[in-house]
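**Q** just coords:
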């Protein structure tokens, strides 16, 4: 049973390009969370999705960032027109449906570097 | 003031020492998690607690709900325990996690 899979592990983008980060949840999990870890800072919640629905996006920057979790395929975190300040580690976590208290299952993260 | 506070920020210990990392929170929670992150690495869940105490190998985690405080203990510490240890709470009214800033632990041989 594969864990939460994120790809790519490392992503380098020039300023102004788009970054697409992918997250495949654990088998049987239909809830996905994205978190961001800026350099020298703690982890911060970005967005919580279920299949085809955004449940809570209170942590998403207002512009350039979007997330989706389609019926088929991985969840995608998309950052348009990246800037140097977007350089960070982006982690995805997943949980099963109807789970309030569940272990935290994280992916290995995608480390985005904007040059 | 952050909703989740950890102490100490940095901790250096000698191999074999008993280590304690503390976490205090100011919100109502449904569960508290202790996580481990190695440099450049992923995040691994060590414990999920909603009450009492849990033990796994040399690691022990306790929580006091009334005092809104949790501790992570490492007995007989080893250099491979060197990592960042993160306390995170799942709030009462949502599924997202709120994180402490982390404790950077270095165990010297």
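**A** Received, thanks. Just so it is clear, the structure is predicted and the values come from calculations on it, not from any experiment.
**Q** quick one: low-confidence parts of chain A?
**A** Within chain A, the stretches with pLDDT under 70 are A:1, A:98-101.
**Q** contact residues of chain B facing chain A?
**A** Counting by CB under 8 Å from any CB of the partner chain, the residues of chain B close to chain A are B:30-31, B:33, B:35, B:40-45, B:48, B:50, B:86, B:88, B:90, B:94-102. Glycine gets a C-beta too; all of them are placed from N, C-alpha and C.
**Q** what residues are up against residue B:60?
**A** B:53-54, B:72-73, B:75 (CB atoms under 8 Å, 6 or more residues apart in numbering or on different chains).
**Q** partners of it in the sheet?
**A** Per DSSP bridges, the residues bridged to residue B:60 are residue B:55, residue B:73.
**Q** how much space between the residue most central in space within chain A and residue B:92?
**A** The C-alpha lying nearest the average C-alpha coordinate of chain A belongs to residue A:34 (CA atoms, centre = their mean; 3.6 Å). Note on residue A:34: its distance to residue B:92, by CB to CB, to the nearest Å, is 22 Å.
**Q** and stretch A:96-115, how far out from the chain's middle?
**A** 7 Å (CA atoms, centre = their mean, to the nearest Å).
**Q** say whether chain B is contacted by it.
**A** Yes: shown here: stretch A:96-115 in contact with chain B (CB under 8 Å from any CB) through A:100-109, A:111.
**Q** which of those fall in helices?
**A** Counted as lying in helices by DSSP state H, out of the residues of stretch A:96-115 next to chain B, is not a single one.
**Q** who touches residue B:31 in this structure?
**A** Residue B:31 touches A:101, B:48-50, B:89-90, counting by CB under 8 Å, 6+ apart.
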